[in-house]
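Asks: Just to be clear, the model below is a prediction. Sequence and coordinates:
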Number of protein chains: 2
Amino acid sequence: MIRDSRLSSVLHGLLHMIGAGEPVTSEQLAQAMATNPVVVRRVMAGLREQGLVRSEKGHGGGWTLARDPAGITLADIYRAVGAPTIVAMGHRSENPGCLVEQAVNDALSSTFREVEAIFLKRLGAVTLDALAKDFERRLAKHKQSLEDQIHAAK
Amino acid sequence: MIRDSRLSSVLHGLLHMIGAGEPVTSEQLAQAMATNPVVVRRVMAGLREQGLVRSEKGHGGGWTLARDPAGITLADIYRAVGAPTIVAMGHRSENPGCLVEQAVNDALSSTFREVEAIFLKRLGAVTLDALAKDFERRLAKHKQSLEDQIHAAK
DNA sequence: TATCATGTAACATCATATGTTACATGATGG
DNA sequence: CCATCATGTAACATATGATGTTACATGATA
């Protein structure tokens, strides 16, 4: 099964935007996200429609965050990238007249829906700001680790 | 996203097998599952490898349940059809050196894994027998409903 | 006005479930 | 023993949707 990586990909891009203090071009984001500028614009367009980011044309243009990252949850971003399918399984027929199919669909669908609700609840509990802070902690730890290596080599 | 319907499909077939007291051919299952006999054999082969069903060639041959349906859970069947992908989302890179990617992957992966565990736990709590009984209840109710209509029409 | 950047349409590509054809193998009944 | 039935399996076709790519239009800035 091909796994949709838009959410993961766009989060990567957004963290880069938070780090930069100025507009970031699709070209730069494409480098960071290991993809193509057109793909970046395509996915960022969804965020712009939801008012999460802004885009500016021309010299000095690019993408900037439009709202406080402490007020944006991963669930907001999930919806903004088009609310991709969560559960990779489904039914052959979504409108079954067959009683066997009804029994099977009910048993599976209730589980599917429950899983989807939990997934969205979890995403809704994480803000973009929290993710950025987590990254900064990793960065600090990484730098410390590098310094330790330098001192140890003396 | 294309949704994998093997689990749903094979459950449909298994309920038909429980209903029939004799071996059911791939041809018959294909009719019930609205698909092709070869597809039926392909998916049933997985169940046979797990000892859930048996197949017999020649006259009077076909597929039969190999174990008590009260001892088979939907999780067993899920695994037998090849344990299809549960969560339809993933990461661009599964082996990230980038710290941004690590932060993003950790945030999402923990949620993905939690959702998958809940999914499997739910499937493990439902036996094939319970599903069959649920179907029988629906059938009885349906019959009653038909009779009521006949009486009402008099 | 040249350059830079987004906006978007129109394809190509790729992975994977599903559908289909063809033929081999084995079991049963006559 | 042979015709028939059923599974076993390889090989290829199809469909879908994310992703990659090219091309060109539009708007903003220096």
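Replies: Right, received. Where do you want to start?

Asks: need the contact list for the nearest residue to residue A:37 once chain neighbours are set aside.
Replies: Nearest residue to residue A:37, sequence neighbours excluded (C-beta to C-beta, 6 or more residues apart in numbering or on different chains): residue A:26, at 4.0 Å. C-betas here are computed from N, CA, C, even on glycine. With contacts defined as C-beta atoms under 8 Å, 6 or more residues apart in numbering or on different chains, residue A:26 is in contact with A:37, A:38, A:40, A:41, A:44, A:62, A:63.

Asks: Buried residues in whichever strand or helix holds the third one, which are they?
Replies: Same thing as residue A:40. With elements taken from DSSP states H and E, the one containing residue A:40 is helix A:37-49. For helix A:37-49, a neighbour-count test (16 or more other C-beta atoms under 10 Å in any protein chain shown) marks A:40, A:43, A:44, A:46, A:47 as buried.

Asks: Can you give me the buried ones in stretch A:86-99?
Replies: Buried residues in stretch A:86-99 (16+ other C-beta under 10 Å): A:86, A:87, A:88, A:89, A:90, A:91, A:92, A:96, A:99.

Asks: Stretch A:131-144 too?
Replies: For stretch A:131-144, by 16+ other C-beta under 10 Å, it's A:131, A:132, A:134, A:135.

Asks: So is that stretch next to chain B?
Replies: Yes: contact of stretch A:131-144 with chain B (C-beta under 8 Å from any C-beta of the partner chain) involves A:131, A:134, A:135, A:138, A:139, A:142.

Asks: tell me the average confidence for that stretch?
Replies: For stretch A:131-144, mean pLDDT is 92.

Asks: Return the nearest residue of chain A with respect to DNA strand D.
Replies: residue A:58 (3.1 Å; C-beta to the nearest atom of the strand).

Asks: For burial, what's the neighbour tally of that residue?
Replies: For residue A:58, the count of nearby residues is 6 (other C-beta atoms under 10 Å in any protein chain shown).

Asks: before we move on, what about residue A:121?
Replies: Residue A:121 has 11 nearby residues by other C-beta under 10 Å.

Asks: give me the element it is part of.
Replies: Counting by DSSP H and E, residue A:121 is part of helix A:99-124.

Asks: Report the distance from the helix or strand that comes right after that helix to the chain centre.
Replies: On the C-terminal side of helix A:99-124, the closest following helix or strand by DSSP H and E is helix A:128-153. Offset of helix A:128-153 from its chain centre (C-alpha atoms, centre = their mean, to the nearest Å): 22 Å.

Asks: tell me what helix A:128-153 is packed against?
Replies: Helices and strands touching helix A:128-153, as assessed by 3 or more C-beta pairs under 8 Å, 6 or more residues apart in numbering or on different chains; DSSP states H and E, comprise helix A:6-19, helix A:74-80, helix B:99-124.

Asks: tell me the angle it makes with helix B:99-124.
Replies: 120 degrees (axes from the mean of the first three to the mean of the last three C-alpha atoms, to 10 degrees).

Asks: if we can go back for a sec, JSON lines please, covering the residues of stretch A:131-144 next to chain B and showing distance to residue A:67.
Replies: Putting the residues of stretch A:131-144 next to chain B into JSON lines (distance: C-beta to C-beta, whole Å) gives the following:
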{"residue": "A:131", "distance to residue A:67": "15"}
{"residue": "A:134", "distance to residue A:67": "19"}
{"residue": "A:135", "distance to residue A:67": "19"}
{"residue": "A:138", "distance to residue A:67": "24"}
{"residue": "A:139", "distance to residue A:67": "23"}
{"residue": "A:142", "distance to residue A:67": "29"}
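
Asks: Now render these as a markdown table, adding distance to DNA strand C.
Replies: Compiled in a markdown table, the residues of stretch A:131-144 next to chain B are given as follows (distance: C-beta to the nearest atom of the strand, whole Å):
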| residue | distance to DNA strand C |
| --- | --- |
| A:131 | 22 |
| A:134 | 26 |
| A:135 | 22 |
| A:138 | 27 |
| A:139 | 25 |
| A:142 | 28 |
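
Asks: Going by distance to residue B:80, which of those residues wins?
Replies: residue A:131 (38.1 Å; C-beta to C-beta).

Asks: The closest one: what's it in contact with?
Replies: A:11, A:15, A:74, B:103, B:104, B:107.
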